[in-house]
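Trainee: Turn this into a structure:
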Amino acid sequence: MKRETKTKWTRGPTSLARGSLVRLEKLPKHLQFNGHIRGGYRPGGLSASECLRSLCYLHNETFNIYSHVFALIYFILATRDYYQIWPSQHTHSHSHPHSPPHVNGDGVWMVKVFVMVDVPSTLLPFSLSIIYHTFMPHRGGRHTYTSLLKADIVGVWVTSTFGPLASVYCSLYYLPRAVWHLYSFTHALISVATLQQLLSFKREDTGNGYHSGVGGDGVVR
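Mentor: Numbers count the residues shown, from 1 in each chain. From the prediction side, this is the model:
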């Protein structure tokens with residue numbers, strides 16, 4: 001009976017903290033997508049609390065998690081800079097030193113729109129990626145992993161889709177308004193098509209039990 005208890009306990013994060021991480025071959029199939037990294041994995045089948053406790057010991061997702069955590073904290077602190085360009089009701093280009101030169105009339109509401117779009121599109125991918133890397137070995141299995149991976153991909157898509165809009169708007173500001181509308185339509189069309197392709201891409205089996213470049217259930221990895 002003692003022996004059984006010990007065997008069960010070796011799956012928990014307390015023993016993992018002492019170095020009992022598993023090799024690639026011991027993972028569930030849906031987590032065996034990188035044949036170049038052979039060890040240092042948390043075992044599959046962890047509960048949500050065990051996934052969270054894995055933040056307290058080293059494994060091969062530790063750098064992925066904490067690099068995103070530090071970046072998220074940095075960008076949250078950096079959002080205070082947006083207050084310098086946020087136009088007030090009486091803002092004019094000559095009275096506010098931090099405002100873009102065209103912030104008057106229609107430009108005022110565009111600056112507000114871009115600030116409101118840029119902040120979430122900067123913070124979202126880091127937040128979702130932290131969740132993805134933390135809960136990868138969750139006991140929910142393939143279905144939970146695929147949902148987390150989709151969320152991570154959507155976060156990256158949001159940043160690449162909405163992040164450049166302010167720069168593009170400034171670049172096209174002095175061109176005819178029709179050019180901006182044409183770009184907006186083309187950009188939206190390409191972005192939606194890209195997201196659809198990302199979420200529907202099929203898994204390719206390399207024949208050696210590992211998977212190259214893409215993840216399961218129609219999600220790129």
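
Trainee: Would you map the helices across the protein?
Mentor: Listed in chain order, the helices of the chain (DSSP state H) span 2-9, 13-17, 48-53, 62-78, 82-85, 106-135, 141-162, 165-171, 177-200.

Trainee: Report the contact partners of R42.
Mentor: Contact analysis of R42 by Cβ atoms under 8 Å, 6 or more residues apart in numbering lists 13, 16, 21-22, 51, 54, 59, 61, 136-137. Using the backbone N, CA and C atoms, a C-beta is placed for each residue, glycine as well.

Trainee: give me phi/psi at it?
Mentor: The phi and psi values for R42, taken as degrees, to the nearest 10, are phi -80, psi 140.

Trainee: Roughly how far does the nearest residue to it once chain neighbours are set aside sit from V115?
Mentor: Excluding the flanking residues, the one nearest R42 by Cβ to Cβ, 6 or more residues apart in numbering is P137, at 4.7 Å. As for P137, its distance to V115 is 38 Å (criterion: Cβ to Cβ, to the nearest Å).

Trainee: Check S121 too.
Mentor: Going from S121 to V115 by Cβ to Cβ gives 11 Å.

Trainee: Same check on D152?
Mentor: Taking Cβ to Cβ, one finds D152 at 25 Å from V115.

Trainee: higher neighbour count, those two?
Mentor: Legend: neighbour count by other Cβ atoms under 10 Å for D152 and V115, higher for D152 (20 against 16).

Trainee: Once you drop chain neighbours, what's closest to the more buried one?
Mentor: In space, D152 is closest to Y132, 3.9 Å off (Cβ to Cβ, 6+ apart).

Trainee: Could you do W180 as well?
Mentor: Nearest non-adjacent residue to W180 (Cβ to Cβ, 6+ apart): L172, at 5.1 Å.

Trainee: thought that neighbour was touching V179?
Mentor: Yes. The pair L172 and V179 qualifies as a contact (Cβ atoms under 8 Å) at a distance of 5.7 Å.

Trainee: So the two - more neighbours on which side?
Mentor: Counting neighbours by other Cβ under 10 Å for L172 and for V179 shows that L172 has the greater number, 15 against 11.
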